[in-house]
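[1] kindly return the folded structure for what I paste below:
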Amino acid sequence: MFLANNLKHLRKKMSKTQDALSSEVGIGRTTIANYEAGISEPNLVTLRSLANYFGVTVDELLSKNLEDDKNDDNKSTEKDMMLRAVFPSAPKNEYNGMPRIITVDAAGNDNVVYVPVKARAGYLLGYGDAEFIETLPTFRLPGLSNATYRMFEVDGPSMAPNVLHGDRIIGEWVDALDKIRDNRVYVIVHSGGVAVKRVVNRLKERGKLYLKSDTVVHRHEFPTVEIDPEDVKEVWYGRMKISSDFSEPAEVYHRLADLELDVLEMKKMIGK
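    Here you go, the predicted structure:
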């Protein structure tokens with residue numbers, strides 16, 4: 001395994017000290033020194049963060065001697081390397097296997113980045129921009145671990161009554177388009193916008209994804225949308241919903257409640 005040598009090589013290639021790298025990736029300097037010395041190894045979350053920072057894959061970081069890379073002509077400037085970190089290598093028009101930007105806490109755990117409605121337009125352009133992502137709120141919730149999550153605010157009635165306007169969807173990163181399951185709720189970031197929809201995967205049969213709305217009342221306003229895979233930037237599988245809605249119960253509930261009160265009164269009268 002080439003992890004220790006690769007970390008030292010890539011850090012020096014960017015003209016970074018261990019202190020500077022520690023500050024930028026949120027990992028302790030002593031921890032980085034131990035990684036480079038081969039004394040300890042990072043967990044998967046930290047590996048992904050380091051790979052993202054250096055613009056390489058986790059597999060390359062672990063199993064390829066990057067110091068002997070024939071494509072490394074030592075002409076990359078620090079700016080070039082930072083651009084690679086923001087835009088990890090991936091074939092043009094091919095879905096990337098990990099988010100272009102993630103943020104971590106002091107322990108190396110992924111933060112949940114929150115994308116409110118007012119930031120959606122900026123997110124569509126800046127999902128791969130570290131400076132933009134840093135302007136968005138981040139948080140952590142118990143139970144969300146061993147994956148990368150992002151929270152999006154829902155806009156409009158297209159998914160009512162299951163997901164309402166103003167609800168927040170916490171999505172788990174989907175690393176391959178063929179893993180999208182039919183009729184599940186996803187957040188799809190594509191060239192046309194950020195959509196919270198139920199998805200039908202027909203990539204094998206037709207080479208398309210179909211985004212459907214749940215609404216019945218507004219069905220004419222939200223027809224099914226056909227998406228080409230090359231237009232998809234990010235996919236987040238809906239894992240959790242946060243809602244402030246406390247709607248009135250259904251009519252049948254009212255009737256049951258009235259019936260229960262009537263029975264209670266009858267019991268009181270019999271008891272007398």
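
[2] for the stretch 151-272 of the chain, give me the ranges with low pLDDT.
    Residue ranges of the stretch 151-272 of the chain with pLDDT under 70: 249-254, 272.

[3] what's the answer for the stretch 1-150 of the chain, then?
    69-93.

[4] which stretches of it form helices?
    Along the stretch 1-150 of the chain, counting by DSSP state H, counting those that start in this stretch, helices occupy 3-13, 18-25, 29-37, 44-54, 58-63, 78-86, 120-126, 130-134.

[5] and those helices: which comes nearest residue 260?
    Across those, residue 260 has its closest neighbour in helix 120-126 (45.0 Å, CB to CB). Heads up, the C-betas are built off the backbone N, CA and C, glycines and all.

[6] packing partners for that closest one?
    helix 130-134, strand 193-202 (3 or more CB pairs under 8 Å, 6 or more residues apart in numbering; DSSP states H and E).

[7] got the buried residues for the last one?
    Spelled out, it's strand 193-202. Under the neighbour-count criterion of 16 or more other CB atoms under 10 Å, strand 193-202 has 194-201 buried.

[8] ditto for the first one
    Counting neighbours by 16+ other CB under 10 Å, one finds that the buried residues in helix 130-134 are 130, 133.

[9] just checking the distance from that helix to the centre of its chain.
    14 Å (CA atoms, centre = their mean, to the nearest Å).

[10] go on, the longest one?
    The gap between where strand 193-202 is centred and where its chain is centred comes out at 15 Å by CA atoms, centre = their mean.

[11] which residues outside that strand are in contact with it?
    Defining contact as CB atoms under 8 Å, 6 or more residues apart in numbering, one finds that strand 193-202 is touched by 115, 120, 123-124, 152, 154, 158-159, 163, 169, 177-178, 180-188, 208-214, 225, 238.

[12] which of these are buried, as a PyMOL select command?
    Here is the PyMOL command that selects only those of the contacts of strand 193-202 that count as buried (16+ other CB under 10 Å):
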select buried, resi 115+123+124+152+154+158+159+163+169+180+185+186+187+188+209+210+211+212+213+214+225+238
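
[13] of the contacts of strand 193-202, which belong to strands?
    115, 152, 169, 184-188, 208-212, 225, 238 (DSSP state E).

[14] just to revisit the earlier point, turn the helices and strands packed on helix 120-126 into a markdown table, columns for distance to residue 63.
    Formatted as a markdown table, the helices and strands packed on helix 120-126 follow (distance: least, CB to CB, whole Å):
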| stretch | distance to residue 63 |
| --- | --- |
| helix 130-134 | 26 |
| strand 193-202 | 31 |
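
[15] can I get the buried residues of strand 193-202 in TSV including distance to residue 30?
    As requested, those are exported to TSV (distance: CB to CB, whole Å):
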residue	distance to residue 30
194	40
195	44
196	42
197	46
198	48
199	45
200	50
201	46
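
[16] for the ones in strands among the contacts of strand 193-202, work out which two are farthest apart.
    Based on CB to CB, the longest span within those runs between 115 and 208 and measures 25.4 Å.

[17] quick one: contacts for residue 125?
    residue 132.

[18] could you measure from it over to residue 5?
    Computed as CB to CB, to the nearest Å, the residue 125 to residue 5 distance reads 37 Å.

[19] check residue 214 too.
    Counting by CB to CB, the gap from residue 214 to residue 5 is 52 Å.

[20] confirm for me that residue 129 is in contact with residue 123.
    No. Between residue 129 and residue 123 there is no contact under CB atoms under 8 Å: 9.5 Å.
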